[in-house]
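K.L.:
One predicted model, sequence on top.
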Amino acid sequence: MGPWNHGGEIRDASTLSPIRLHSDTGLYFRRTILEPFLAHYLKDDAIPLPGRVSAYRSGSDMWETRSALPEQDCTQDCATLHLTAQHQLSLNASASTAGSVSYLADPAHPVPYVQRPVITRDAPGSVWDDWLSTDQRNAASRPDVATFTSPVLTKPIALDGQPLVHLTATTTGTDGDFVVKLIDVYPDEVPEQRELGGYQLMVSSDILRGRYRKSFEHPEAIPAGKPQLYQFRLPVMNHTFRPGHRIMVQVQSSWFPLYDRNPQTYVSSIFTAPPEAYKPATITLDTAASWLTVHQASPVTP
């Protein structure tokens, strides 16, 4: 696992968008991981491999070697990120989370996956190659994105594995999408790199189409106005949130044009949905029944 876009490990990889990694991670991969791997399997005298998993820990800016990936089901050493009705993210299980947060999702005005204008891939000015690490403040400023932010961290928090989303929500529609993003919020001022002041770095994110909340094989409409559980895993992460940073979770119902717009009216096929099926819907999150769970590792000083 490395901090690259597709194929980024074959060239200089000392930065990821504006994020400085403090070393050429591509060169490290080629020399320390790839070369021994090839030598182990292609040369007569097999060279022992250091471990089954080599993972770059962003935030700490260091490589780690492990015998296996973290367990998918977090049964111990778990961190739970609770959503609150005050748009806060709490790491305290005893904190009051009762309440709700609502937003209006309108297919006519979808949330873009990068800041507008969205430029076609390979065209001048396109940010497609690095879109996963682009600043998420453009989304946080929208009224159709629910944002939950932790207090400023006083100590490092190292999270890894696949975050499990447990989201309870109602919608006035009969279908809908749920995008969840786990984000590292930089301090308001970063003296050594001023452009990172307040930067919102997406660490892990994914989308669940509401019709598949129970089964991908048997989609079904969402009962309007009735709370439903949307539970899914985000991609594997390996990140340390540093002191002075904050942890953020964003929830939204479109990610366009990365994913097609959901009409928010249940139809047999979205590809053939008529224009009149595309309707605004009010999404209400039950914060007392909404959280993310992820494995918490011991922070390592680089």
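P.N.:
Thanks, I have it.

K.L.:
can you list the weak-confidence ranges in the protein?
P.N.:
Low-confidence segments of the chain, defined by pLDDT under 70: 94-95, 299-302.

K.L.:
With just CA atoms, put the longest helix along it into PDB.
P.N.:
Scanning the chain for the longest helix, with DSSP state H as the assignment, gives helix 35-42. Provided in PDB are the C-alpha atoms of helix 35-42 (Å, rounded to 0.1, in the frame of the first residue of the first chain):
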ATOM      1  CA  GLU A  35      13.400  -5.500  -6.100                       C
ATOM      2  CA  PRO A  36      13.600  -8.100  -3.300                       C
ATOM      3  CA  PHE A  37      10.200  -9.400  -4.400                       C
ATOM      4  CA  LEU A  38      11.400 -10.100  -7.900                       C
ATOM      5  CA  ALA A  39      14.700 -11.500  -6.700                       C
ATOM      6  CA  HIS A  40      12.900 -13.800  -4.300                       C
ATOM      7  CA  TYR A  41      10.900 -15.400  -7.100                       C
ATOM      8  CA  LEU A  42      13.200 -15.100 -10.100                       C
END
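
K.L.:
Now do it: everything it contacts.
P.N.:
Outside helix 35-42, the residues within contact range by Cβ atoms under 8 Å, 6 or more residues apart in numbering are 46-50. Any C-beta I mention is one placed from the backbone N, CA and C, and that applies to glycine too.

K.L.:
redo that, cut-off 7 Å
P.N.:
Under the criterion Cβ atoms under 7 Å, 6 or more residues apart in numbering, residues 46-47, 49 lie in contact with helix 35-42.

K.L.:
T75 and E192: what is the separation?
P.N.:
39 Å (Cβ to Cβ, to the nearest Å).

K.L.:
Tabulate the contacts of helix 35-42 (TSV), appending distance to I247, secondary structure and neighbour count.
P.N.:
Output for the contacts of helix 35-42, formatted as TSV (distance: Cβ to Cβ, whole Å; DSSP: H, G, I helix; E, B strand; the rest coil; neighbours: other Cβ atoms under 10 Å):
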residue	distance to I247	secondary structure	neighbour count
A46	43	coil	10
I47	40	coil	13
L49	34	coil	14
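
K.L.:
Can you tell me which of these is nearest E64?
P.N.:
For the contacts of helix 35-42, the residue nearest E64 by Cβ to Cβ is L49; the value is 14.7 Å.
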